[in-house]
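Participant: Have a look; sequence and predicted model below, questions after that.
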Amino acid sequence: MILILIICIIVFIFNGLPKLLNESILEQVIAKGEIRVLTRNSPTTYYEGADGPAGLEYDLAKMFADQLGVKLTLVVPNSFSELLNEIENGHAHIAAAGLTITESRKEILEFGPSYQEITEQLVYNSNQSRPKNLSDTEDGLLEVVAESSHHDTLISEQSRYPDLSWKTNNKLESEELLQLVSDEVIDYTIADSNEVILNQRFLLNLRTAFNIGKTKKLAWALPKSNDHSLHAAVVKFFDLIKNNGDLTRLIERSYGHTENFDYVGTLFFRRHIETRLPAYKKMFQQAADMNDLDWQLLAAIGYQESHWNPKAVSPTGVRGIMMLTQATAAQMGIKNRLDPKRSIDGGARYFASRLKKIDSSIELPDKTWMALAAYNVGLGHVEDARIITKQLGNNPNKWIDVKQALPLLAKRKWYKKTKHGYARGWEPVRYVENIRSYYDILRWVNDKDKVVEPDALSILPQIP
C-alpha cells in the first residue's frame, strides 16, 4: 500500500506538477472552473438586492466569469486595507472594488482598463457651515478610510495646507464614514462622487463642499506577476463591453436613476415613509405576495402615483392610492377606487399583468422597468418605442436604450410611423426613474439595520 502511494507521488511529480507549473494563470482558472474576486459591500460595488446579488462590480465580475465559463466566487474582506493586502499578496485573482488608479498602487498592483471616472469630494453635514477649502476643516474632525486614495490625496495637499490634519479609519468603509458625517459623529470625510450621489438620497443632510483634485479613474486590480494571461483577458473583456454598449448599460443600471436627484422631493418621501406608509404597509405586502411582487416596488409605484394619498384625484379622473383609471378599475373588478385596500390590490394585479406581457426575452431588471413604463403610458407605446430603438441600431431589450427612444413618440417624424401613434414619451421615462429612486430608498430604510457578514479570508490559499 505504501509502495503504491509512493509511486503515485512520483508519477504526479514527474507528470502532473510540470503541467501545472507550465499552465498560465488564465489556464488554471479555466481548468479549476472558478475565479476568486475580492470586493466591498457598498451600493457602488456589491450588495444583496431584492433579486439577489447586485452592484456594478458584481455585475461586471459575473459577466467576466460567464465569459470565461467559470464560477464566480466573491470574497469581502474585513477592511479596505485588508483588501489591498490580500490582492497584493495574491490571495485572489482580481480585486473588483471601485479602486482608484494611483501611482503608488501601480507600483504594487497591475490595473486593468479604466471603466469609470470619479472625482473626490469633501463631504460635510448641512448643519455646519460649508468649508471653502481644506484649511476650513482644521477646526473639525476630518476622517478618511485608511490606505485609501483619499488618504493619499490629503498627504499630497499638506504642502498647500501645512496645518491640515485628519484621522484614518482601518475598520470602516467610505459609506460608513458618510453615515458618521450624517450623524454628526465626525465633521468631514472625503468620498468618491459616485458614492456621494448614491448615498445622498438616503442621508439627506449630506452636502458636498467642493471637488478635490482632478478626475480619477477606477479599474480592477490584479497581483503583480510575470504571467499576464489573466490581465490580457481582462483587457479583452473591457474592450468588448465598451464596444458593444454593455458597460454603458451596466453603469446606467446602477446610476442612471440618480441623475435628477430632488432633495426636497426626497425629504418629503422620507417623512411620508414614517407618517403615511405604516397605515398601508400590510396592504402593499399582502397584494405583493398575492401577485409574486416585491412589496417595496409596489409601494414605490403607489407613492409615485399618489404620495400614498387614498383620496387623490387627478384632473383626468384617475384616483386612489394607485391612481387607477375607470377602465383599469373595471378590468380589475374594482368598484371603489378610493378604497385603499382595493386600489392597491387592483394596482398590484394590473402591474403583474403588464409584467407578464413584456417580451419574455427581456431579462430582469430591464423587464421590470419596461413593465413600469407600460403601467404609465401603455404597453403599445412601449412596444412602439422598442421598434424605434431597433431602428436606431440599439438594443430593444435594454431599458437604457428604450428610454432614449420613448421621447421620440412625441415627434411627428417618429410617431406617424408607429402603430399606436403619439405619446408624451418623456413622462414614462421620468416615471420609471422616480420609482427606481423611491424603491432604492425604501429598501435602504428597511435593510439599514441588517449586517452582512464578510466571508472568511482564511479559506483562500495563495494563488501561484
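Facilitator: Now that the structure is in, tell me what you want to look at.

Participant: okay, CA-based contacts and neighbour counts for the rest of this
Facilitator: OK.

Participant: any idea where the strands of the stretch 101-250 of the chain begin and end?
Facilitator: Using DSSP state E, counting those that start in this stretch, the strands of the stretch 101-250 of the chain run over 109-111, 116-125, 143-145, 167-169, 188-192, 206-223.

Participant: buried residues in the fourth one?
Facilitator: It stands for strand 167-169. Going by neighbour count (16 or more other Cα atoms under 10 Å), the buried part of strand 167-169 is Asn169.

Participant: hmm, who's touching it?
Facilitator: For strand 167-169, the external contacting residues (Cα atoms under 8 Å, 6 or more residues apart in numbering) are Leu141, Leu142, Glu143, Val144, Val145, Ala146, His151.

Participant: repeat that with 6 Å
Facilitator: The contact list for strand 167-169 (Cα atoms under 6 Å, 6 or more residues apart in numbering) reads Glu143, Val144, Val145, Ala146.

Participant: what do you get for stretch 102-114?
Facilitator: With Cα under 6 Å, 6+ apart, stretch 102-114 has contacts from Lys217, Leu218, Ala219, Trp220, Ala221, Leu222, Pro223, Lys224.

Participant: In contact with the first one: list those residues for me.
Facilitator: For Lys217, the contacting residues are Thr100, Ile101, Ser114, Gln116, Glu117, taking Cα under 6 Å, 6+ apart as the criterion.

Participant: closest one to Tyr255 among the strands of the stretch 101-250 of the chain?
Facilitator: Among the strands of the stretch 101-250 of the chain, the nearest to Tyr255 by Cα to Cα is strand 116-125 (11.6 Å).

Participant: Now for Glu195, how many residues are close by?
Facilitator: 20 (other Cα atoms under 10 Å).

Participant: if we can go back for a sec, which one, of the strands of the stretch 101-250 of the chain, ends up nearest to Asn394?
Facilitator: strand 116-125 (21.7 Å).

Participant: Pull out the buried residues from the closest one.
Facilitator: In strand 116-125, counting by 16+ other Cα under 10 Å, buried: Ile118, Thr119, Glu120, Gln121, Leu122, Val123, Tyr124, Asn125.

Participant: for the fifth one, which residues make a bridge with it?
Facilitator: Beta-bridge pairing of Leu122, defined through DSSP bridges, involves Ile190, Phe210.

Participant: in this structure, what spans have low per-residue confidence?
Facilitator: Applying pLDDT under 70 to the chain flags the ranges 1-21, 49-52, 256-264, 315-316, 448-464.

Participant: thinking again about what came up before, from the contacts of Lys217, pick the one nearest Leu442.
Facilitator: Gln116 (27.0 Å).

Participant: Of the contacts of strand 167-169, grab the buried ones for PyMOL.
Facilitator: The buried subset of the contacts of strand 167-169, as determined by 16+ other Cα under 10 Å, is captured in PyMOL by this line:
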select buried, resi 143+144+145+146
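
Participant: Same list (the contacts of strand 167-169) but as TSV, adding distance to Gly346.
Facilitator: Shown next, in TSV, are the contacts of strand 167-169 (distance: Cα to Cα, whole Å):
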residue	distance to Gly346
Glu143	50
Val144	49
Val145	48
Ala146	52
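
Participant: and which of the contacts of strand 167-169 is nearest Lys242?
Facilitator: Val145 (30.5 Å).

Participant: For Val76, see how far away the closest residue to the closest one other than its chain neighbours is.
Facilitator: Leaving aside its chain neighbours, Val145 sits nearest to Asn169 (5.0 Å; criterion: Cα to Cα, 6 or more residues apart in numbering). Distance, Asn169 to Val76, using Cα to Cα, to the nearest Å: 17 Å.
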